[in-house]
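S.K.: below are the sequence and a predicted model for it; my questions follow.
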Amino acid sequence: MREETAGDPITGMKWSRKATEKISAELKERNIVVSSKTVARLLIKMGFSLKTCRKNIEAGRSRKPGYRKRRDDQFKRIKRCCEKFRRMGAPTISIDSKKKEKIGNFKNDGISWRREAREVLDHDFPSDGEGKAIPYGIYDTQKNKALVVVGTSSETPEFAVDAIEEWWLLIGRREE
């Protein structure tokens, strides 16, 4: 277990990189018969807990010399442009595509109150779906108003422009 243990030195919380079933099977090979549920209870008593992955590590390009400065310069330039537009009374928007979702009878992670569980496909193969839904958010930073446009085409510059145009026709133009 020593090689398969990770933890947080500040909180003292520990976790195993192995599933309880795998630990149970390895113990059985050593003539220690214990169920995976018992393994889970013992791990909790030992200070372990279930954890998910956390995206905290910056990838590749951030390690190149000068990356942070170039990135900071970009954000400073954007901020100056936004301030200039605000002084002119022009809208400033923040745009961002959201998590793409497969369209079809697929399982999702949410839960809902129902009398019976909803039956869904046993695998989430994209080929079994009807495409992907791509939510694109447009947020007016001055008026604190947003619009989400959902498309089914590829995420392209044309789609971004179409989403901004939709925002302009539905919200942006009316606010002048």
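M.R.: Sure thing, it's come through.

S.K.: only C-alpha atoms for contact and neighbour calcs from this point on.
M.R.: Noted.

S.K.: what residue ranges in the chain score low on pLDDT?
M.R.: Residue ranges of the chain with pLDDT under 70: 1-16, 57-63, 153-155, 174-176.

S.K.: which stretches of it form strands?
M.R.: Assigned by DSSP state E, the chain shows strands spanning 5-7, 14-16, 93-97, 101-102, 132-140, 145-151.

S.K.: tell me the strands beside the fourth one, with direction?
M.R.: Within its sheet, strand 101-102 is paired with strand 132-140 (antiparallel), according to DSSP bridges.

S.K.: distance check, the spatially most central residue of the chain against Pro135.
M.R.: What sits nearest the mean C-alpha location of the chain, by C-alpha atoms, centre = their mean, is Lys99, with 6.7 Å. Lys99 sits 7 Å away from Pro135, going by C-alpha to C-alpha, to the nearest Å.

S.K.: which residues touch the residue nearest to the centre of the chain?
M.R.: The contact partners of Lys99, by C-alpha atoms under 8 Å, 6 or more residues apart in numbering, come to Ile134, Pro135.

S.K.: what does Val149 give?
M.R.: Pro135, Tyr136, Gly137, Ile138, Ala163, Glu166.

S.K.: quick one, what contacts Ser36?
M.R.: By C-alpha under 8 Å, 6+ apart, the contact set of Ser36 is Thr20, Glu21, Ile23, Ser24.

S.K.: so what's the third one up against?
M.R.: I take that to be Ile23. Applying C-alpha under 8 Å, 6+ apart, we find Ile23 in contact with Ser36, Val39.
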